[in-house]
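Chemist: sequence unavailable; structure follows:
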Ligand SMILES: Nc1ncnc2c1ncn2[C@@H]1O[C@H](COP(=O)(O)OP(=O)(O)OP(=O)(O)O)[C@@H](O)[C@H]1O
Ligand SMILES: N[C@@H](CCO)C(=O)O
């Protein structure tokens, strides 16, 4: 087998939780980070970052892509090669669109390719979940589509969640950051039986609503008791944007991942009006947002090797 001298990995953004599916469901979106790893014969580590917010990515050994790259080599008990890493940022940082997950998945997939694919995709997935601490971004980032992750005796049971093509994800990405760490810090550690039952029922309804595109089910399903009530206060304008999105025809709106990006689900007919309404609503409270109607990415992380 010829030695791979460089590998380019493209990884989709992801939106996690989808309302009632806290820490267990997420979907890959048509917004991407791209990274190229090239072996360096001369040794050392070179990291170059281009794209919006490039200054937010560190270029030393603490870089999360590099950390994931090293993690895989440690797992297979080999010394990581010296590399040049060229990062092309398309997923904004710390916005709840899985930028950290793109780094973890990108680094692990690149290392697995350069090392001659010693690990299966399932093994790479398990390493990614262990690094991120929750599956709902890294699993769809790696596999694509909408994915539900449940713990099992062997580790993780992952299933694909059918998503009706007429259910359009509209993301409103504000010009301020909210780290996942900070957004997890505000969550309680215990919940009532009523809240547990509420989320269980609404997640089940969400799965049926996504599969069928049935508006009545989606309108009811997109509610949560486990994280959104505590995080909404961290996102100025949440109520105004929510009311505007629904008034423009959205089935509902949720926090994307740990926020601050807000995700509305709408049919194709209403999605342009929903996007415009969300942007205007945030402008009324002085916040600039990049609002886009996206699609589901159904392929997940893609790698291209160069000999
Ligand atoms: N392409 C990248 N290369 C290297 N590091 C990255 C990259 N993208 C993100 N990171 C790291 O991930 C951090 C952002 O992680 P954080 O979880 O706070 O935000 P997020 O992943 O966008 O949000 P969420 O996890 O809610 O989806 C950045 O500060 C940076 O350290
Ligand atoms: N389930 C995670 C997703 C982070 O993207 C959280 O909400 O903290």
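Modeler: Okay, I see it. On a predicted model such as this, the values are computed, not experimentally measured, just so you know. Residues are numbered from 1 along each chain as shown. Ligands and ions are numbered 1, 2, ... in the order given.

Chemist: same question for the lengthiest strand in the chain, mean pLDDT?
Modeler: Criterion DSSP state E: the longest strand present in the chain is strand 25-39. For strand 25-39, mean pLDDT is 98.

Chemist: mind giving me the packing neighbours of that strand?
Modeler: Packing contacts for strand 25-39, counted by 3 or more CB pairs under 8 Å, 6 or more residues apart in numbering; DSSP states H and E, involve strand 6-16, strand 83-89, helix 99-114, helix 135-143, strand 146-152, strand 168-174. Just so you know, the C-beta spots here come from the backbone N, C-alpha and C atoms, and that holds for glycine as well.

Chemist: show the residue spans covered by the helices in the stretch 151-300 of the chain.
Modeler: Using DSSP state H, counting those that start in this stretch, the helices of the stretch 151-300 of the chain run over 180-185, 193-212, 215-221, 228-231, 238-247, 271-283.

Chemist: out of those helices, flag the one nearest ligand 1.
Modeler: Among the helices of the stretch 151-300 of the chain, the nearest to ligand 1 by CB to the nearest ligand atom is helix 180-185 (3.5 Å).

Chemist: without its sequence neighbours, what residue ends up closest to residue 188?
Modeler: residue 230 (7.0 Å; CB to CB, 6 or more residues apart in numbering).

Chemist: that neighbour: neighbour count?
Modeler: Counted with other CB atoms under 10 Å, residues neighbouring residue 230 total 15.

Chemist: what residues does this protein put near ligand 1?
Modeler: Residues of the chain lying near ligand 1 by CB under 6 Å from any ligand atom: 33, 56-57, 63-65, 87, 89, 93-103, 137, 179-180, 257-258.

Chemist: of these, list those near ligand 2.
Modeler: Counting by CB under 6 Å from any ligand atom, the members of these near ligand 2 are 96, 98, 137, 180, 257, 258.

Chemist: got the domain ranges for this structure?
Modeler: The chain breaks down by automatic domain parsing into domains covering 6-161, 167-293.

Chemist: could you dump the ones you listed into a markdown table with distance to residue 307 added?
Modeler: As requested, those are exported to a markdown table (distance: least, CB to CB, whole Å):
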| stretch | distance to residue 307 |
| --- | --- |
| domain 6-161 | 9 |
| domain 167-293 | 37 |
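
Chemist: just the pLDDT for the closest residue in space to residue 210 that isn't next to it in sequence.
Modeler: Of all residues not flanking residue 210 in the chain, residue 163 sits nearest, at 4.9 Å (CB to CB, 6+ apart). Residue 163 carries a pLDDT value of 98.

Chemist: surely residue 163 meets residue 144?
Modeler: No. The pair residue 163 / residue 144 is not scored as a contact, 11.1 Å apart, by CB atoms under 8 Å.

Chemist: mutual contacts of these two, please.
Modeler: By CB atoms under 8 Å, 6 or more residues apart in numbering, residue 163 and residue 144 have these common neighbours: residue 296.

Chemist: on that earlier part again, quick check: angle from the longest strand of the chain to helix 135-143?
Modeler: 50 degrees (axes from the mean of the first three to the mean of the last three CA atoms, to 10 degrees).
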